[in-house]
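Asker: what shape does this take:
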Amino acid sequence: MDLGLSDSVCLVTGSTGGIGLETAKILRTEGATVVTTGRSGGDVRADLSQPGEPERVVWETIERHGRLDVLVNNVGYSEIRRLEDVTDDVWQASFDLNLMSAVRATRTALPGMRERGAGTIVNVSSTAAKRPSTGMPDYSVLKAALLSFSRLVADLYAKDGIRCNAVTPGPTATQAWLGEGGLADQQGEREEVLAKVAAGRPLGRLAEPEEIAAVVAFLCSPRASYVTGAAWSADGGTVPIII
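Answerer: The predicted structure follows:
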């Protein structure tokens, strides 16, 4: 399917691996110009947890390519923690990376999108935003806030031709889960943890990053032109629909 993204300028944060990298690959395959970013690589190197860095990345994209059509706020990070062990400093660091990186990038991108009367924003949240993970308290709360922010942007700027949606992935086979010292290792013996996590999904497995990226890319595209303010689950059926 042609997603209609040819000649679009897209910025994908946290895109040197995992879901972000696969999203960038799909968007490029569709003919888009894609700017990637990460702490140690990408087209623009940046630590998006730091104030001023999300803004800089957006401005560098605009300076290089003349505009920004699509913003994917994908960057995020979590560790396994007990709620009572989450210090103020940890809450603040999680706040800056998992929520404020998206707020800052979006705030910087909006004026140009409004001026052109078009723009698309996709925020990568988490299934933990819909049903909190007891082992990831700060991450769950801030990804829930990201869903609220997504809906707020959608409501405020629909009249300007700007769509904003969120995707809520479940556990995904990226380095965050599979890497040494990652989320699986933090919870016990890696293979046992992964098997238990997989068994907790109705589809019986973790997602592959390209499966989540395909949903993100669709929401970025004109094919989703009547979709805004949504939070699309891509979690293997983990969080049921409440009717």
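Asker: can we go C-alpha only for contacts and neighbour counts from here?
Answerer: Will do.
Asker: shaky segments in this protein?
Answerer: Low-confidence segments of the chain, defined by pLDDT under 70: 240-243.
Asker: repeat that for 80
Answerer: Counting by pLDDT under 80, the ranges of the chain that qualify are 1, 173, 177, 182, 184, 190, 239-243.
Asker: so which residues of it form helices?
Answerer: In the chain, the segments counted as helices under DSSP state H are 18-29, 53-65, 88-94, 101-116, 137-157, 175-178, 190-199, 209-220.
Asker: make a markdown table out of those and add mean neighbour count and distance to Asn73.
Answerer: Formatted as a markdown table, the helices of the chain follow (neighbours: other CA atoms under 10 Å; distance: least, CA to CA, whole Å):
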| stretch | mean neighbour count | distance to Asn73 |
| --- | --- | --- |
| helix 18-29 | 22 | 9 |
| helix 53-65 | 18 | 10 |
| helix 88-94 | 14 | 15 |
| helix 101-116 | 19 | 5 |
| helix 137-157 | 21 | 10 |
| helix 175-178 | 18 | 17 |
| helix 190-199 | 16 | 25 |
| helix 209-220 | 22 | 10 |
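Asker: need those in JSON lines with distance to Asn165, can you?
Answerer: Formatted as JSON lines, the entries for the helices of the chain read as follows, by distance: least, CA to CA, whole Å:
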{"stretch": "helix 18-29", "distance to Asn165": "15"}
{"stretch": "helix 53-65", "distance to Asn165": "19"}
{"stretch": "helix 88-94", "distance to Asn165": "21"}
{"stretch": "helix 101-116", "distance to Asn165": "12"}
{"stretch": "helix 137-157", "distance to Asn165": "6"}
{"stretch": "helix 175-178", "distance to Asn165": "23"}
{"stretch": "helix 190-199", "distance to Asn165": "26"}
{"stretch": "helix 209-220", "distance to Asn165": "7"}
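Asker: and Gly42, how far from Gly14?
Answerer: 9 Å (CA to CA, to the nearest Å).
Asker: list the residues that contact both of these two?
Answerer: With contacts taken as CA atoms under 8 Å, 6 or more residues apart in numbering, Gly42 and Gly14 have Thr36 as neighbours in common.
Asker: how near is Val75 to Val193?
Answerer: Counting by CA to CA, the gap from Val75 to Val193 is 24 Å.
Asker: go on, Pro171?
Answerer: 12 Å.
Asker: now the common contact residues for those two.
Answerer: Common contacts of Pro171 and Val193, defined by CA under 8 Å, 6+ apart, are absent altogether.
Asker: how close does Asp85 sit to Gly135?
Answerer: Separation of Asp85 from Gly135 (CA to CA): 11 Å.
Asker: again, but for Gly17
Answerer: Taking CA to CA as the measure, Gly17 falls 23 Å from Gly135.
Asker: now Ile62: closest residue in space, sequence neighbours ignored.
Answerer: In this structure, Ile62 finds its nearest non-sequential neighbour in Leu68, 5.8 Å apart by CA to CA, 6 or more residues apart in numbering.
Asker: ok, Gly52 next?
Answerer: Gly52's closest residue in space is Arg104 (CA to CA, 6+ apart), at 7.9 Å.
Asker: and whichever strand in the chain runs longest, what other elements does it pack with?
Answerer: Using DSSP state E to define each element, the chain has its longest strand at strand 162-169. Using 3 or more CA pairs under 8 Å, 6 or more residues apart in numbering; DSSP states H and E, the elements in contact with strand 162-169 are strand 119-124, helix 137-157, helix 209-220, strand 231-234.
Asker: ok, now with 7 Å
Answerer: Applying 3 or more CA pairs under 7 Å, 6 or more residues apart in numbering; DSSP states H and E, we find strand 162-169 packed against strand 119-124, helix 137-157, strand 231-234.
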